[in-house]
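Colleague: pasting a predicted model and its sequence here:
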Amino acid sequence: MKAPTFFLNHKKYFFLFIIITLQLAHFTYVFACQREGVHSDENWSYGFANAYYQKQLYCDEKGNRTNFDTWTDTKVFHDYTEVSDDQRFSYGSVWFNMEEDFSPPLHSALLHTICSFFPNSFSWWYAYIINIPSFIIAMICLYLLGKQLTHSENTALFICFFYSSLSGALNTFIYLRTYALLTALALLYSLLHCRMYNQSFQKPSKYLAGILFLNVIGGLSHYYFLALVFCFAVIFSLYLLITRHIKTALLYMGTMLLSAGIYLLIWPHAIHLIFSSSEMYAQHMKFIWEIKACLQFLIGESTGILILYPNPYTIAVFNVCLIFLAIIIAGVSFLCRNESWFRHLVRRSHLGIKHFFRRAPKRFKKANKMYLFLFLACFFTLVIIAKVSNIYSMGIYFDRYIFFLMPLATLIIVGLLSKILFRLVRKARKGFRAAFILTLICCCFMINQIYFPCHYLFPRNNDKIRTEELIKGANVIVAVSNDWQIVCYSTLLRDSKQFYMLNIGSLEESLDSIEDLNGPSDTPVYLIVEKNKLRSKDWKKDENAPEGLVPIQDVLTFEYTLDDIVNKISSFNFTTTTKYIATESGFVGEYDIYQLR
């Protein structure tokens, strides 16, 4: 009899366990079977973690280009992405590599620790291991936070299920960077504040100790966590002062200052990286547009609710309809002004509005303000991110900066909507109520999958042999558009023998040493050419273009076509054939593969 009683008393935790297990199995399946490529930053994760005192693969400390324009042994790639036996647990190297990166060192230190247990080997699973406990912690915190906020275990369970079933969670926990860890820490941080608020700030010491710890750990996971900390600090400090919790306010602000001091002692480079300007994070479009883009992706990926911003045409139509409706209401009101029912309706409306505004201050005073606090913290954190991040150039992949806000957005929106819907349909029949709610949920899922699908799968679009299988033991020439893109090939070409990296922008100078190929003459040679900045075959210079006007294709592309590059490289003495093999997609765009020997 004890087992059934235990189950009944803890059935909500059992359901939470089922949700976590099923969703984790789903994420792992997608990661293992459906995800085909990687983001460039995921290669950098391994480089920052495991390269021994080497900040970049494409340049040295003085900014001089490295590993370009010469035949290089792929041991360079192994040294960059793996931990050797004599370099295990070298955290000084991790700290050195991260000094000028746009992320603090915690994730890289964790990844380096895992890789140190498996020296001289590489696997994407090493980084995925960090995401597994991050997801479990995030879901437990989201459940506890939902229960604290909504006072309903069923609603908290639904919030966990809903969030983990949408593309925002999938993107977060299959992406091999610090954002999964950041999400877990942000939820835990919000939970501590919510519990401290719900207990009316009685005996806050244990919560303040947790907040101090998370300020340091979260700040070491990502700088955007500091934006969330700043927003919480301002909101809670003002609230404590307004409500005359002076002692708690002083303790809270003291905790924030102390944690800032500890954090800067551990990671003093944060000052330079936070306040220094960077071309990478310079704005390229209007600030309000960046906020709109962040809001659209935040709410769409976390709830499936589509935000459509009006354009001038829809605004004009709306204004015309509003004026037309106002004229009709004014006419009907004038014609019915002496009718008893109309007067009764006006009187009731007036009393209802008056009654609402009279009771509103008391209701607000008694209401749970954590909804408001969480909303303000999320919104202003999003505004800070939109201000300092280059949303325009990052494309759809900018959403990784707001991953850690997505479960909080789900919690706020679903928590409030559940209360509103309950009031609207509580008197309806159970069948209608269930059908109505199920329809809304299905609509959210459909919108989420149609407008905000998972875009971190990086499909290869190649049914033939994959690049990493094709080039095993071969020599490879790679023509890239930018020097930094060598990082994208650090894991793709790690099983080849030698590589020759050249930049298409300086093609003529880059080919000076290409004939210095050493090794057996029967070793295959392949050519990989990125096509995203090459001119089309039918390109012709516009002779009639106005003087001083540069065509857009001249600005966005190099002066070469694909055939130009293939013909130039295939003319060297090591070439015995020029055979097209396949076209494959990657994070850097499409590239063609040719066999030269």
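Modeller: Great, that's in hand.
Colleague: end-to-end on stretch 233-251?
Modeller: 12 Å (CA to CA, to the nearest Å).
Colleague: what of stretch 144-158?
Modeller: Stretch 144-158: ends 12 Å apart by CA to CA.
Colleague: what does it contact?
Modeller: Applying CB atoms under 8 Å, 6 or more residues apart in numbering, the external contacts of stretch 144-158 come out as 12, 15-16, 19, 142-143, 159-160, 187, 190-191, 194-195, 198, 368, 370-371, 374, 411, 414-415, 418-419. C-beta: built from backbone N, CA, C; applies to glycine.
Colleague: buried ones among these?
Modeller: Burial by neighbour count, 16 or more other CB atoms under 10 Å: within the contacts of stretch 144-158 this picks out 15-16, 19, 142-143, 159-160, 187, 190-191, 194-195, 370-371, 374, 411, 414-415, 418.
Colleague: distance of the residue most central in space within the chain from Phe48?
Modeller: By CA atoms, centre = their mean, the chain has its centre lying nearest to Arg400, at 1.0 Å. Distance of Arg400 to Phe48, given as CB to CB, to the nearest Å: 16 Å.
Colleague: ditto for Ser190
Modeller: Taking CB to CB, one finds Ser190 at 28 Å from Phe48.
Colleague: so what's the closest residue to Trp484 other than its chain neighbours up against?
Modeller: Once flanking residues are discounted, Trp484 sits nearest to Tyr58: 5.7 Å by CB to CB, 6 or more residues apart in numbering. Residues near Tyr58 by CB under 8 Å, 6+ apart: 65-68, 483-484, 486-487.
Colleague: one more: Asn503?
Modeller: Contacts here follow CB under 8 Å, 6+ apart; on that basis Asn503 touches 68, 479-483, 510.
Colleague: buried among these? Need that as a selection in ChimeraX.
Modeller: Those of the contacts of Asn503 that count as buried under 16+ other CB under 10 Å are selected in ChimeraX with:
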select :68,479,480,481,483,510
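Colleague: and the contacts of Asn503, which of them are in helices?
Modeller: Ser510 (DSSP state H).
Colleague: could the contacts of Asn503 be laid out in TSV, adding distance to Lys430?
Modeller: Below are the contacts of Asn503 laid out as TSV (distance: CB to CB, whole Å):
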residue	distance to Lys430
Phe68	69
Ala479	65
Val480	62
Ser481	60
Asn482	60
Asp483	64
Ser510	72
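Colleague: flag the least confident of the contacts of Asn503.
Modeller: Among the contacts of Asn503, Ser510 has the lowest pLDDT, at 87.
Colleague: quick check: closest non-adjacent residue to that one.
Modeller: Leu502 (3.6 Å).
Colleague: my read: that neighbour touches Leu511, true?
Modeller: Yes: the criterion here is CB atoms under 8 Å, and Leu502 meets it with Leu511 at 6.9 Å.
Colleague: which one's more surrounded, these two?
Modeller: Leu502 (22 against 17; other CB atoms under 10 Å).
Colleague: in a strand, that one, correct?
Modeller: Yes: Leu502: assigned to a strand according to DSSP: H, G, I helix; E, B strand; the rest coil.
Colleague: that one and Thr583, how far apart?
Modeller: Leu502 is 20 Å from Thr583, by CB to CB.
Colleague: same question, Ile174
Modeller: 25 Å.
Colleague: equivalent analysis for Phe118, please.
Modeller: 34 Å.
Colleague: kindly report the same for Leu511.
Modeller: 23 Å.
Colleague: next up, the contacts around Gly473.
Modeller: Under the criterion of CB under 8 Å, 6+ apart, the contact list for Gly473 reads 495-497, 523-524.
Colleague: which of those has the largest number of neighbours?
Modeller: Ser496 (24 neighbours).
Colleague: give me the element that residue is part of.
Modeller: Per DSSP states H and E, Ser496 falls between elements, in no helix or strand.
Colleague: and if you look at Ile137?
Modeller: Going by DSSP H and E, Ile137 is in helix 125-150.
Colleague: how about Gln296?
Modeller: Here Gln296 is assigned to helix 287-303, by DSSP H and E.
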